[in-house]
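> quick one: sequence and predicted model below, then my questions.
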Amino acid sequence: MLAGFTSQSPLDFRELTRALTRMADSLVVHQKAHPFVVAPHIAGVAFAPNWRAASPVCQTQTGYIAYLDGEFFNRAALARTATSDPEFLVQAITSERELLNRIDGLFAGVVFDTHKNELHIVTDRYGLRPLYWTRLGNRIAWASQTKAFLALPEFSPVIDPISRDMFFATGQLPSDRTYLKGVAPVPAATKMTFRISDGSLTQQRYWSWDEIAPLAGHHSQRELAHELGARFRNAVEQRTTSQTGLALSGGLDSRAILAAMPSAPKTFTFGHSDSADVRIATQAASVKNAPHTILPLHSQNWLLPRISGVWYADGALDLLHMHGIEHLKQQKEACDICFNGAGGDGLAGAGHLFHPNGLSAYLKNKLHIRTDRNTIQHLETAFNNAGSAHAFYIDWRMRGFTVHGPRLGLLHGLEYRLPFLDNQVQEFLYSIPLQQKANNRLYRQMLLKTFPEYFKNIPYQATGFPISHSPWIVRILRRLTRMHNRPPHTFADYANWLRQSPGKNLCDHLLYNTSETSRLWQRHLAGEDHAIILGRYMTYQLYLLQLFDGKYRTSEEVAELLKITP
């Protein structure tokens, strides 16, 4: 976690420290603080979990101060002299862009040049370690959580209506906006430079997808699957330590990570014991002989931890998608790092890829977005700016939605790593024509050839059958067995849980503000399923409840305030 600000007007050490302390106290962190103050112009702090041996802050003999949120995975291959990630960040910032654009990692960093009075802010290639910034007159401030800006006397929170409407329509914020007017995420693969002397600000994109050339020559599916398997295995091994755990589901992506890990990790699956996720994850863990813990998720334990999660995530993540937040503390007690399979099915399996003219069908059929023309135009603009479905999925969907789930682990110092977003894996996938990836064709073959013991006979949660069965055989089998199989059991039943205490209590308190939400809530109570949109309304109302009070409240405090009985 990072937070800090610049002051173009000179401030003494005490004034800088006081303002920085207010910002730091606004953050929700359970980690060790590493502050620095350089009077009269700059103050900042980096938070890092106690299990990290290396400090996230460094000061070089050449007058640079750097602090880092996140980590690099290939520093040993790139650095000649740097002994830490923050020190290497200084080298990357001050060298040619060819060094910066080769970093493989999830990070946001700030580097201050004390000689030139210049501040550099930089994000990772995909922007999956969010950092937000705002301009206040002739100065700027930055933070890993937007709530930190509430501590600055010049800042006044105003809701951005475009972001609000986008959240209600799509379940996520735009990747280039926040709920707060004037506060934006630092773009992916970007270096921002702020000159304190004249208040000028420049942005430089140091890497783009256009740098990846299409794969040359003809390659069989077998060859492509072999290469993808080798790159993926290397990505997982490069990110694995003795303290790496895994959130294991009944899908393909987390199981692929499990299979590629060099040793048996501690694995966790949330849900009830009869869910398909738990049954399939148990089978996969047994192949690796990996310790497997089932984390129960039910009507009485799912809600209260998510109230804190809404404030931690600055309202950017719908509380109905905070699966597993109930057990983060237990996971942290078992491991320091948790792998997440984000990007597997969507990119390797091409589940979120489409031809340039297929955006409308993708939004309607894949994301089930049916909304007003203004929102559609915003998404069309975002897609055109991204330049491809692959880039759009990462920049819009993963930055605006997916990454906020793994980030919840940082509440307890539990780091997240995303092996599918390894640079070598992504560059290879991006270079392959869509027709060779579509319909899970390449990904399925890679999994079966590289990790057969994990995929040949163990079912896939989405179909109920192993992926070794061809799609047409699966369709036939599902028709034949439809009358005999039990209905699929998912890990959560939010529609019914909202009708029970404490979900009902919270909805009764929050969904009265407009006639529209009140009617929708009554229809849901009568048996219709409106859990998705109700979850978005609840998230937004919980966020507002704390935003304009300027005060963080725990789940228990909110429950007491709203008279919610667990």
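Arrived safely, thanks for sending. Fair warning: this is a prediction, and the values are worked out from it, not measured in the lab. Numbers count the residues shown, from 1 in each chain.

> please report how far the closest residue in space to residue 345 that isn't next to it in sequence lies from residue 119.
Leaving aside its chain neighbours, residue 345 sits nearest to residue 351 (4.5 Å; criterion: C-beta to C-beta, 6 or more residues apart in numbering). C-beta coordinates here come from the backbone N, C-alpha and C atoms, glycine included. For residue 351, the distance to residue 119 (C-beta to C-beta, to the nearest Å) stands at 40 Å.

> over to residue 368?
Using C-beta to C-beta, residue 368 is found at 42 Å from residue 119.

> what about residue 119, how many residues close to it?
25 (other C-beta atoms under 10 Å).

> off-centre distance for the helix or strand where it lies?
Secondary structure from DSSP states H and E places residue 119 in strand 118-123. Taking C-alpha atoms, centre = their mean, to the nearest Å, the mean C-alpha location of strand 118-123 is offset from the chain mean by 22 Å.

> touching, residue 334 and residue 265? I think so.
No: assessed by C-beta atoms under 8 Å, residue 334 is found out of contact with residue 265, at 9.7 Å.

> what do the two both touch?
Common contact partners of residue 334 and residue 265 (C-beta atoms under 8 Å, 6 or more residues apart in numbering): residue 245.

> neighbour count for the two, which is higher?
Remark: of residue 334 and residue 265, residue 265 carries more neighbours, 27 against 16, as counted by other C-beta under 10 Å.

> okay, and residue 133 sits in which element?
Using DSSP H and E, residue 133 sits within strand 132-136.

> same for that strand, what does it pack against?
Counting contacts by 3 or more C-beta pairs under 8 Å, 6 or more residues apart in numbering; DSSP states H and E, strand 132-136 packs against strand 139-143, strand 183-185.

> give the buried residues for that strand.
Across strand 132-136, burial judged by 16 or more other C-beta atoms under 10 Å covers 132, 133, 134, 136.

> check stretch 231-243 too.
So, applying 16+ other C-beta under 10 Å, buried residues of stretch 231-243: 231, 232, 233, 235, 236, 238, 239, 240.

> columns distance to residue 508 on top of those residues, output as CSV?
Shown next, in CSV, are the buried residues of stretch 231-243 (distance: C-beta to C-beta, whole Å):
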residue, distance to residue 508
231, 51
232, 47
233, 51
235, 47
236, 46
238, 49
239, 44
240, 46
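
> circling back: roughly how far does the residue nearest to residue 345 sit from residue 15?
In this view, residue 351 and residue 15 are 52 Å apart by C-beta to C-beta.

> could you do residue 225 as well?
60 Å.

> the two: which is more packed in?
Neighbours were counted for residue 225 and for residue 15 using other C-beta under 10 Å; residue 225 has more, 22 against 15.

> which residues touch the helix or strand where the more buried one lies?
Secondary structure assignment for residue 225, by DSSP H and E: helix 221-239. Contacts made with helix 221-239 from outside it, assessed by C-beta under 8 Å, 6+ apart, are listed as 73-74, 256-257, 260-262, 337, 339, 348, 417, 419-420, 422, 424-425, 428-429, 432, 436, 441-443, 445-446, 449-451.

> list buried residues within the residues you listed.
Buried members of the contacts of helix 221-239, counted by 16+ other C-beta under 10 Å: 73, 256-257, 260-261, 337, 339, 348, 417, 419-420, 422, 424-425, 428-429, 432, 441-443, 445-446, 450-451.

> wait, doesn't residue 87 sit right on residue 68?
No: using C-beta under 8 Å, residue 87 is not in contact with residue 68, being 9.6 Å away.

> out of the two, which sits in the more crowded spot?
A direct count of neighbours by other C-beta under 10 Å for residue 87 and residue 68 places residue 68 higher, at 29 against 20.

> quick check: which element contains that one?
Per DSSP H and E: strand 64-72 holds residue 68.

> so how far is that strand off the chain centroid?
Put simply, strand 64-72 sits 19 Å off its chain's centre (C-alpha atoms, centre = their mean).

> what of stretch 501-518?
Per C-alpha atoms, centre = their mean, the centroid offset for stretch 501-518 relative to its chain is 28 Å.

> buried residues in it?
Under the neighbour-count criterion of 16+ other C-beta under 10 Å, stretch 501-518 has 502, 503, 504, 505, 506, 507, 509, 510, 511, 517 buried.

> kindly export it (C-alpha atoms) in CSV.
C-alpha atoms of stretch 501-518 as CSV (Å, rounded to 0.1, in the frame of the first residue of the first chain):
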residue,chain,number,x,y,z
SER,A,501,-31.1,-12.7,8.4
PRO,A,502,-28.7,-11.0,8.4
GLY,A,503,-29.0,-10.4,4.6
LYS,A,504,-32.6,-9.4,4.9
ASN,A,505,-31.9,-7.0,7.8
LEU,A,506,-29.3,-5.2,5.8
CYS,A,507,-31.5,-4.9,2.7
ASP,A,508,-34.4,-3.6,4.7
HIS,A,509,-32.2,-0.8,6.0
LEU,A,510,-30.4,0.0,2.7
LEU,A,511,-33.0,-0.5,-0.1
TYR,A,512,-35.5,2.1,0.9
ASN,A,513,-33.9,5.2,-0.6
THR,A,514,-35.7,5.1,-3.9
SER,A,515,-39.0,3.7,-5.0
GLU,A,516,-37.2,1.7,-7.7
THR,A,517,-34.9,-0.2,-5.3
SER,A,518,-37.8,-0.7,-2.8
